[in-house]
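Engineer: With the sequence up front, the predicted model follows.
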Amino acid sequence: MPSEEEGSAERSSTGSGDIIARLRELRAADAPTHGGRVLSYVYDSGRADLDELAAAAACEMQAVNGLDPTTFTSVAVLEREVVGFARDLLGGDDEVVGSVTSGGTESCLLAVKTARDLWRAAGGVGTPRLVAPITVHAAFRKAAKLFDVEFDAVPVSPFTGTLEASAVVERLGADVALVVVSAPSYPFAALDPIVEVAAACRVAGISCHVDACIGGWILPFWADDDGAPLPPWNLSVPGVTSLSADLHKYGYAPKGVSVLLHRGRDRHRAQYFATTQWPGYPVVNPTLLGSKSAGALAAAWAIIQALGADGFAGLADQCIHATRMLRKEIDRIEGLRVVGRPVGPLLAVAVDESLPPERRVDPHHWADAVRASGWVLQQQPGLLQPDGVRLPHTTHMTVTPVTDSRLGELHSALTAAADAVRGIPAVSPEQVLAALPEGSLPSGAALLESETAAALLSGLGLLGRENGALPDSMAPFLALIEALPHELTERLLTELLARVVEPR
């Protein structure tokens, strides 16, 4: 007979049907991952067969530990074939090798770690610099912090979202371990001047990484508005020493899987960690993770097998059409403008300041109004750059193949939302700060304790909502981010995310 403790555990267990029902109930409160209503975070191919194939492939590898491809040899085969396909797609030759990682952030971290270690091996002393446009993905700031590298941000144009190559080249020096350029940048979809920057890095003997995490699996099939091919941007460019591209974006694989490619085996090997200096098994890790799931790798591999280059090209055509139609629609909406000349299936939308105030549309009010009709756009705060030039606050849109089938509904929602908020001024930082109780803001972030931070978040209406949901109107919160010192907003956001997942 079972003991009293065993009987208690048995009685408290939950049936599988109830467990899945509970999970579905929780998922019902999420933003939808299919159907094109969320224009950020998710990459919907619009093909249920690919989703089913990815799930089946991941399930086959559920018990496999990707730590050791000599024990689980299937992992070696899948990774080899994924890296080989990526190399061919992204302009690599036989000299290019690489690894599959757990996502874009890990790829970016490893690119920085590799460049730092090679810089040190070549005689670099002290703290090296990482030079990049200020629009480069935040993962590179994380990498700089983790690996003791100074992040040197180069300002960009508020009109185009990119910069002249000379602005990067003039910062090169013996203490630079790595230069990063984007293909394209996430905030503004700007294709940085990769050919010119890479050429200068090659002459100076400096590593040059192309962050193609969002563009790598779709830019090979992209053309500009006139049908002309894009300027060279990948591993075919002399001087580009590494490149990252995420399969869980326009490779349509589940989170999280990415590739990091290096020019040369010795560079790739610098990415690895290996030790035999403990009494356990020899540890050799190509990535930051040790034990890891092989599910996302298998899913990505399966999708590559199913689509091939022609299949990816077909999905890219849907993105191209949808992106062009969206740009035309936004161009017709009085009071808004698309920032620069976006490359790839991304758009950043700002207020058209050439118009009088009563005809302008604030992009954050616009996004809030669009959200009320069931579509989710991503609001981006403005930023004061080190040179004193402010980048505009914008609303970001990520276009996927399924967007092409929803254009009519989306156009109607975008137009109606703009009409509803036209002429309403943007929320000013001064307005937000004046609404806070006197003395509620701390003088600094370093000594801000969790309870104080939580009280401030509650006062702002950001904490205590069901399941961590955000307010319906986010424009005031975005204005607050612009108004407060970065260190303070970062501390508050840390508290917000930490509180959301704390046990209750």
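Structural biologist: It's in. This structure is a prediction, so every number in the text was calculated from the model and none was measured. Numbers count the residues shown, from 1 in each chain.
Engineer: State the number of residues packed around Arg202.
Structural biologist: Using other C-beta atoms under 10 Å, Arg202 has 15 neighbouring residues. C-beta coordinates here come from the backbone N, C-alpha and C atoms, glycine included.
Engineer: Please look at it and Val237 and confirm they touch.
Structural biologist: No. Counting by C-beta atoms under 8 Å, Arg202 sits too far from Val237 to count as a contact (9.4 Å).
Engineer: ranges for the strands of the stretch 101-250 of the chain?
Structural biologist: 129-133, 150-154, 176-182, 207-211, 242-246 (DSSP state E, counting those that start in this stretch).
Engineer: which secondary structure elements does the first one contact?
Structural biologist: Under the contact definition 3 or more C-beta pairs under 8 Å, 6 or more residues apart in numbering; DSSP states H and E, strand 129-133 sits against helix 139-146, strand 150-154, strand 176-182.
Engineer: so what are the domain limits for the chain?
Structural biologist: 56-303, 429-500 (automatic domain parsing).
Engineer: Mean pLDDT and mean neighbour count added to the helices and strands packed on strand 129-133, as CSV?
Structural biologist: Below are the helices and strands packed on strand 129-133 laid out as CSV (pLDDT from 0 to 100; neighbours: other C-beta atoms under 10 Å):
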stretch, mean pLDDT, mean neighbour count
helix 139-146, 98, 18
strand 150-154, 98, 18
strand 176-182, 98, 28
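Engineer: Can I get these in a markdown table including distance to Ala299?
Structural biologist: Output for these, formatted as a markdown table (distance: least, C-beta to C-beta, whole Å):
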| stretch | distance to Ala299 |
| --- | --- |
| helix 139-146 | 22 |
| strand 150-154 | 33 |
| strand 176-182 | 26 |
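Engineer: out of these, which comes closest to Leu383?
Structural biologist: Counting by C-beta to C-beta, Leu383 lies closest to strand 150-154 out of the helices and strands packed on strand 129-133; the figure is 10.1 Å.
Engineer: Just give me how far stretch 448-456 sits from the chain centre.
Structural biologist: Centroid separation for stretch 448-456 versus its chain: 28 Å, with C-alpha atoms, centre = their mean, to the nearest Å.
Engineer: Minimum distance to Gly388: which of the domains of the chain has it?
Structural biologist: With respect to Gly388, and counting by C-beta to C-beta, the nearest of these is domain 56-303 at 8.8 Å.
Engineer: for the closest residue to Arg87 other than its chain neighbours, phi and psi?
Structural biologist: Nearest-residue entry for Arg87: Val96, 4.9 Å, with adjacent residues in sequence omitted and distances by C-beta to C-beta, 6 or more residues apart in numbering. Per-residue torsions, Val96: phi -90, psi 130 (degrees, to the nearest 10).
Engineer: how close does Val96 get to His268?
Structural biologist: 9 Å (C-beta to C-beta, to the nearest Å).
Engineer: Identify the contacts common to these two.
Structural biologist: His262 (C-beta atoms under 8 Å, 6 or more residues apart in numbering).
Engineer: Between the two, tell me which one has more neighbours.
Structural biologist: Val96 (24 against 20).
Engineer: I'd like the distance between the more buried one and Ser236.
Structural biologist: For Val96 relative to Ser236 (C-beta to C-beta), the value is 10 Å.
Engineer: Equivalent analysis for Ala479, please.
Structural biologist: From Ala479 to Ser236 the distance is 43 Å (C-beta to C-beta).
Engineer: Looking at those two, which is more packed in?
Structural biologist: Ala479 (22 against 12).
Engineer: Before we move on, what's the pLDDT of the more buried one?
Structural biologist: Listed pLDDT for Ala479 reads 90.
Engineer: Flag the shaky bits of the stretch 151-300 of the chain, pLDDT-wise.
Structural biologist: For the stretch 151-300 of the chain, no stretch is flagged by pLDDT under 70.
Engineer: in it, which spans are helices?
Structural biologist: When assigned using DSSP state H, counting those that start in this stretch, the helices of the stretch 151-300 of the chain occupy the ranges 165-169, 194-204, 265-269, 295-332.
Engineer: Make JSON lines out of these and add distance to Arg116.
Structural biologist: Below are the helices of the stretch 151-300 of the chain laid out as JSON lines (distance: least, C-beta to C-beta, whole Å):
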{"stretch": "helix 165-169", "distance to Arg116": "18"}
{"stretch": "helix 194-204", "distance to Arg116": "15"}
{"stretch": "helix 265-269", "distance to Arg116": "12"}
{"stretch": "helix 295-332", "distance to Arg116": "26"}
